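Asks: Build me a model:
(2 chains)
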Amino acid sequence: MRYSRLIFLLLLVALADRATANDDLFRDQVVPIFQTHCVRCHNRSESKGDFSLENARSFFEGGYVEPGDASASMLVELIAPGDGNKAEMPKTGPALSEQQVNSIKRWIDGGAKWPDDISLKFDPDAKPEPNYNWWSLQPIQRPDVPQSNEESAVKWIRTPIDAFVWRKLAENGLTYSAEGDKRTLIRRVSYDLTGLPPTFTDIVDFQNDDSPDAYENLVDRLLASPRYGEHWARHWLDVVKYADTCGYDKDKLRPNAWPYRDYVIRSLNDDKPYKQFVQEQIAGDVLFPGEPDGILGLGFIAAGPWDFIGHVEVPESKIDGKVARNLDRDDMVSNTFNTFCSVTIQCARCHNHKFDPFTQQHYYGLQAVFAAVDRADRVYDEDPLVVARRNQLKQEIDGFQFQLDEIVKQVAVAGGEDLKQLERQIEESKQLNKQPEFGYHSQVAARADAEKWVELSFAESTPFQRIVLRPCHDEFNGIGAGFGFPVRFRVEIDGVTVFDKTDVDFPNPRLSPVTIPVSVTGSKIRIVATKLAERSNDFHLALAEIQVFNNQDANLAGGASVTALDTIEAPIRWRKSNLIDGIWFESNGSNLASLEQQRSEWVERLVGQQTVARQADLQRQLAAARMELGKLPMGKLVYAAATEFPPEGNFKPTLGTPRDVRFLARGDVTNPGEEVEPGLLPFSHEDSADFVVPTGSNESGRRAALARWLTSDSNPMTWRSIVNRVWHYHFGRGIVNTPNDFGRMGGERSHPELLDWLASEFRDGSESARPGSLKDLHRLIVTSSVYRQSSNHSGVCFQKDSSNRLLWKMNRRRLSAEEIRDSILLASGTLDLEMGGPGYYLFALEKTEHSPHYEYHKFDHLDPGSYRRSIYRFVVRSQPDPFMTTLDCADSSQSTPARNETQTPLQSLTMLNSDFNLVMARKFAQRIGLDDELPQAKLNLAMQLLVGRRPDESEQRLMLRYVDDYGWENLARIMFNLSEFVFVD
Amino acid sequence: MTIDPQRRSFLLNSAWGFGSLALSSMLASEDAGLSASLGTDSNGLIKVLHNPPRAKRVVQLFMAGAASHIDLFDHKPALEKHHGEQSDFGEKVEAFQNGLGPWMKSPFKFQPYGKSGKMLSDAVADLGDCVDDIAFIHNMAGKTGVHSQATYLQATGFQRPGFPGMGAWVSYALGSENENLPTFVVLPDHRGFASNGPKNWGSAFLPTSCQGTAIFPQREQPIRDLFARGDLVTPESHSAGLNLLDQLNRSFAAARPGDERLESRLRTYELAARMQLSAPEALDLSHEPKHVLDMYGLDRSGAQYPDTINVPEEIEYFGRKCLMARRLLERGVRFVQIWSGNDNSFPRRNWDSHEDLKREHGPLARGMARGAAALIKDLKQRGLLDDTIILWTTEFGRMPSTQGSTGRDHNPHVFTNWLCGGGVRGGISHGPSDHWGFKPLDRDNPTQVYDVHATILYLLGLDHLKLTVRHDGIDRRLTDVHGHVIQEII
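Replies: Numbers count the residues shown, from 1 in each chain, chains lettered A, B, ... in the order given. All right, here's what the predicted structure looks like:
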């Protein structure tokens, strides 16, 4: 199926005018040129330079054309400046050919007649002639490393990187800067690799280490530090939009997002080959079955925002539900292609990409890759043996179930209409006194061992004699009697356990009441389920009635109020108050029993005793397998791409069946076109978009194909993209300064050959670098002479290259929000280096039952739980931390490939007055020594901790005078604001 | 044209992001090699607007939860006539919660006001004095009936997260008139944020300095971190500390010539100190004369309010925000956003009246109308209305049919906006809805948020097509790829 349309719509309105030669020239030759090369940017709705080619009026209004005189026309100047100068127009794409220019000139010289009946329109849905002639689509060519015998080169060049940079500097008449001093180098490389400063001892040791590889040893030590993964994971999470809440309306918590964050940290610390790192994040479950990282990596697909209302409250059948799901897949596609390939594929959702050769067809082909996955909590096991056993048991259970189903079918066939009749009677008899108030039903849980409770509380202390639990009856999933009755549970009165069935499974009582004698006086009776009943791939607690009798045999429950850990309030069937409404279901005694007896005798006659015995045997085996499955270690949860999860409202798992993905003209869900097969992106005319994903391949096969394609050696995007990102974080700017966009709208390359050399070195490896090793790539970069330059200004070079694009010096940078916070914690002696686990809050969390409120102004910064590195904080998407945001922290609603670095008065206020800084100022003052210690010594320590050096005489004088007047705590507050502290040379 | 993020940061390193349009012009001109020849004023702000401006500043009044057009501003006699009859839309209708009961007339009475004879409901009667200054747009069409997406759409022009609020764009383009105050101030509902919270006024890919600064008058610290809490810092230790810091940072900068960031960092501390003086003064209502306080309904100092939603409390809280807005605007704040209603918690304190329209719309509308009318009159008597635009907006409208027996479901198909001041033509109603208030009368030509945004930018002297920032391969605009200036209302 191919989508095709006319490239541009030429509207030929009205009747034939008297055709002149000039008209013909215009119609036949000029119009096609305008259509193909100009109208895209110069049309009615988008008239760049105030110039629109819509019609004669707009065309001449622009003043770009002098009819009758091509040489005096600005238009000609723009498309053919002459003297070998580069044409300014067309802005993108190739310059016009000489022949094309001549046609336009002849038309203008001939009077530039533009008949009224011709108007040009840009149709953004049109399929452009794909133009693959763009650097990022070309195969990576490993260039030769430049060689030079010049003295300045020989003296300076340490690594191939230096050789490439040196050549560019030389070509542009620039000179490199001297190497930074040792204190500068160790502070710079420590922050860059670990996000933390060196200790003063580290600095002194490094300064005193005269060995030739002192710096290289330092780099190795830093790369081996677990702090490295914590720092670089932050960069990665910026790009992939990681947060611990969903965003949108309600902004609910994602309590299981953090295992993905920890996965990224661990993968980086382990220097996992990049290829594997990418594959795990797209299709780890398929390509690395049984490996926990194969599932943890899928947190990538789920990292971005998710619209709770659009998925849970609105069904997929409604327009708003369709929009939500379309945008959800859009986020998965964009996240994948922005992150791994630096391709802005999201531009092709409503129309073909305006600048890069990707069509809407390609785009929806990629949506189809993700058509079966949703974002949800997903079980993963850390022990591969458990995974294997779990899978085996599931297979066995399916097998038993299948055989049992066969027997049921056999019985149904043999029994015919008569048996059906009997079964209807049984059913009716069951329904006979079943009233619609079923009982209490907890929320469902993904695991059986999620503890749940329900409680009756009485206004005053009451003597209880016995408690009676009445089980529910619900045909859901064919369960019937005993629906939701806890498998293990205990009963507490005022917090004291009076009945304990938590060690062994409690046989399901079916419809029999469970009586618990107590003889205790109290006011609160709580039923705590420690192992929940299975419902349908999920677990819950349900009870029809709780009766509480005193010694007069009076039921007191009606006077109690009912609370529960959670509840599904779905009147009239399910609600908490049903627990004490005096209504429960009891089978209609003898009638039902005799009917069921009749049925079993009948069945035995029909299919024989042997089959009945086999059925019983299968049921026993099934129960045993289920029990063993239930006993396996539960597995943990990670918020990730998933096809199986407990449904919530309208949010239901696909169970692996891909949703229909249709071509949406203008991105409009109300106007679905043909179904789109999964596909990939082509890099050339020879590539076809659907060359890897076989038609009809199942959901996991689609993702696996994408993962393999992304990481294939011939994919030119992936390798360039990642080396550019790494370069960006080391130098503050990438070789391409738009790390998420290598397309025609992206930035230009400052060092094109270096980019390709790095990409091939990283992809293929060499003597000094393992293939796909990020640590080796860092080592290569930070040991280069380019990286070791001083950041000092040079007037001469500044004149020629004011933005330091060619790296004639190192870029000074301000610390990131996380680096500032972590450094303050470190300096204050409070930093807790514990790794991993759920994120800590920097806010008071309120009103979680509906829309959680994240109240940052109510947080107490004396809480030592918040003294861990900033990567471990709980990131709220719609209400980001104001302290961090003010310091230019990434916004998790969007991919942030490069952070802004601003200086604002609000930053100054934050650094002076935030509660965090004030608390830390006190801790810092305590740390630098007791009051009776020498002020000079205390000040030395303070400066060493914050900026890695001792104060000079005048600084000492100024600061100690301030201490005399206002004390050390006030000084500490001011010192956090030192430019020397927040900038790295 | 390529915007170099480093270069952009460098240009924005000055204070409240002055620079801004300055910035865009400069970046644009860098390509043309013209940067040296641009004239700047003392703030570095380039006064090159796209067209002559009519207005300098904006107030946006945002009704969270979706305020009903047909119960406030868009009178529908047909509903009075057919009240209680089975609704029939003549087509299949998808309502958010399937609220497609019988037609329901407004629980509020309508009557004409002003020279224009505009019909308003009793709930917004206070705005009656102002209708001749207001242009109503009754054919606003949304794209979604989901609160979160619809709020994003009206606040940022895109129905999903990741885009700057309108105020952030305006700050980016025009910078500040008073560098001692934030350029863009947000007054959230005192009970909490509306859906999406601060992302409605975030800067997204624009510099952080463009984002809205939220002010919570009822908190101990109305502006976060404006002053140090606790007893560590005294005025003396603060001011001596700033002196010490200035000396130390100055010598650090002096040793590193050629890095403007280090210089501008010194200046941010000076501005911070000045803001500590300016901001409390701007928020201090105690010197407002009694007749002004009365006009805004702030005549019950220290009053206690019941737990149920009630008119006096709504008047007090909304009025306070409107008066603060006026004080901020007259001191040079560029964009003020006022919110009415919080998220969908229980009990309901926003405009999302699924159950009982009168219960919430009554008090909320009375509070809003009193404050908004006072703001219009107050700005007018001070001569500020001429160059201040007021925009009243919400997520979407509500259905003309009933939900339950007294509520209304979402209606993304049509709703009302109004604008006032700043070159807007008053006393008109533009673009009617159909006779039920179900869809625009002319279904093919509704007004969309893009048009309203384009019009406001136009009045500020900006061309919505030219105000662009490249982000991830797209030259992003507030108006996406849409938008026309609504000539009829200016």
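
Asks: contacting residues for residue A:226?
Replies: Neighbouring residues of residue A:226 by Cβ atoms under 8 Å, 6 or more residues apart in numbering or on different chains: A:269, A:835. (Each C-beta comes from the backbone N, C-alpha and C, glycine too.)

Asks: gap between it and chain B?
Replies: Distance of residue A:226 to chain B, computed by Cβ to the nearest Cβ, to the nearest Å: 30 Å.

Asks: What is the neighbour count of the residue in the stretch 1-150 of chain B positioned nearest to chain A?
Replies: With Cβ to the nearest Cβ as the measure, residue B:148 is the residue of the stretch 1-150 of chain B nearest to chain A, at 3.4 Å. For residue B:148, the count of nearby residues is 30 (other Cβ atoms under 10 Å in any protein chain shown).

Asks: correct me, but it touches residue A:307?
Replies: Yes - contact status for residue B:148 versus residue A:307: in contact at 6.3 Å, counting by Cβ atoms under 8 Å.

Asks: okay, and the common contacts of these two?
Replies: A:248, A:249.

Asks: Backbone dihedrals for the residue of the stretch 701-850 of chain A found nearest chain B, please?
Replies: Per Cβ to the nearest Cβ, residue A:793 is where the stretch 701-850 of chain A lies closest to chain B, at 3.1 Å. Here is the backbone geometry of residue A:793 (degrees, to the nearest 10): phi -80, psi 150.

Asks: For residue A:318, give its distance to residue B:97.
Replies: Applying Cβ to Cβ, to the nearest Å, the value for residue A:318 to residue B:97 is 11 Å.

Asks: next one: residue A:807
Replies: As for residue A:807, its distance to residue B:97 is 59 Å (criterion: Cβ to Cβ).

Asks: what does stretch B:445-454 contact?
Replies: Under the criterion Cβ under 8 Å, 6+ apart, residues B:137, B:139-142, B:153-154, B:157, B:166, B:391, B:393, B:414, B:417, B:419, B:430-431, B:440, B:464, B:478-480, B:482-486 lie in contact with stretch B:445-454.

Asks: if we can go back for a sec, out of everything not next to it in sequence, what's closest to the residue of the stretch 1-150 of chain B closest to chain A?
Replies: Among residues not flanking residue B:148 along the chain, residue A:249 sits closest, at 3.4 Å (Cβ to Cβ, 6 or more residues apart in numbering or on different chains).

Asks: Do you know the pLDDT at that neighbour?
Replies: With respect to pLDDT, residue A:249 has a value of 81.

Asks: distance of it from residue B:63?
Replies: Applying Cβ to Cβ to residue A:249 and residue B:63 gives a distance of 16 Å.

Asks: Would you confirm that residue A:793 contacts residue B:260?
Replies: No - with contacts counted by Cβ under 8 Å, residue A:793 stays clear of residue B:260, the gap being 10.8 Å.

Asks: For the chain, which residue occupies the most central location?
Replies: Looking at chain A here, since you left the chain open. By Cα atoms, centre = their mean, the mean C-alpha position of chain A lies nearest to residue A:303, the distance being 1.7 Å.

Asks: Actually, chain B is the one I wanted.
Replies: Closest-to-mean residue, chain B, Cα atoms, centre = their mean: residue B:60 / 2.7 Å.

Asks: ok so it is a strand residue?
Replies: Yes - according to DSSP: H, G, I helix; E, B strand; the rest coil, residue B:60 belongs to a strand.

Asks: phi, psi of the residue in the stretch 201-350 of chain B positioned nearest to chain A?
Replies: Nearest to chain A, among the residues of the stretch 201-350 of chain B, is residue B:258, at 3.1 Å (Cβ to the nearest Cβ). The phi/psi pair for residue B:258 (degrees, to the nearest 10) reads phi 80, psi 10.

Asks: How about residue A:100: what's its closest non-neighbour residue?
Replies: In space, residue A:100 is closest to residue A:33, 5.1 Å off (Cβ to Cβ, 6+ apart).

Asks: Pull the number of nearby residues for the one you found.
Replies: Counted with other Cβ under 10 Å, residues neighbouring residue A:33 total 20.

Asks: ok, it - contacts?
Replies: Contacts of residue A:33 by Cβ under 8 Å, 6+ apart are A:96, A:100, A:103, A:104.

Asks: Next: residue A:194.
Replies: A:222, A:225, A:227, A:228, A:230, A:231.

Asks: mind checking the SS state of the nearest residue to residue A:949 once chain neighbours are set aside?
Replies: Nearest non-adjacent residue to residue A:949, counting by Cβ to Cβ, 6+ apart: residue A:943, 6.1 Å away. Of the three states, residue A:943 takes helix under three-state DSSP.

Asks: Could you check how far residue A:943 is from chain B?
Replies: With the distance defined as Cβ to the nearest Cβ, residue A:943 ends up 11 Å from chain B.

Asks: for residue A:530, same thing?
Replies: If you go by Cβ to the nearest Cβ, the gap between residue A:530 and chain B works out to 31 Å.

Asks: what helix or strand is that residue on?
Replies: Using DSSP states H and E, residue A:530 sits within strand A:514-531.

Asks: The nearest residue to residue A:515 once chain neighbours are set aside: neighbour count?
Replies: Excluding its sequence neighbours, the residue lying closest to residue A:515 (Cβ to Cβ, 6+ apart) is residue A:468, at 5.1 Å. A count of nearby residues for residue A:468, using other Cβ under 10 Å, gives 16.

Asks: which residues touch the residue found closest to residue B:97 once you drop the neighbours it is linked to in the chain?
Replies: Excluding its sequence neighbours, the residue lying closest to residue B:97 (Cβ to Cβ, 6+ apart) is residue B:409, at 5.4 Å. The contact partners of residue B:409, by Cβ under 8 Å, 6+ apart, come to B:95, B:96, B:97, B:98, B:99, B:100, B:354, B:398, B:399, B:401, B:403.

Asks: Mind pulling up the pLDDT for residue B:409?
Replies: Here the pLDDT value assigned to residue B:409 is 95.

Asks: Can you spell out the domain ranges of chain A, please?
Replies: Following automatic domain parsing, one finds the domains of chain A at A:10-129, A:282-381+A:639-710, A:440-587, A:814-984.

Asks: nearest residue to residue A:161 other than its sequence neighbours?
Replies: residue A:784 (4.3 Å).

Asks: Quick one, grab the pLDDT at that neighbour.
Replies: Predicted confidence (pLDDT) for residue A:784: 98.
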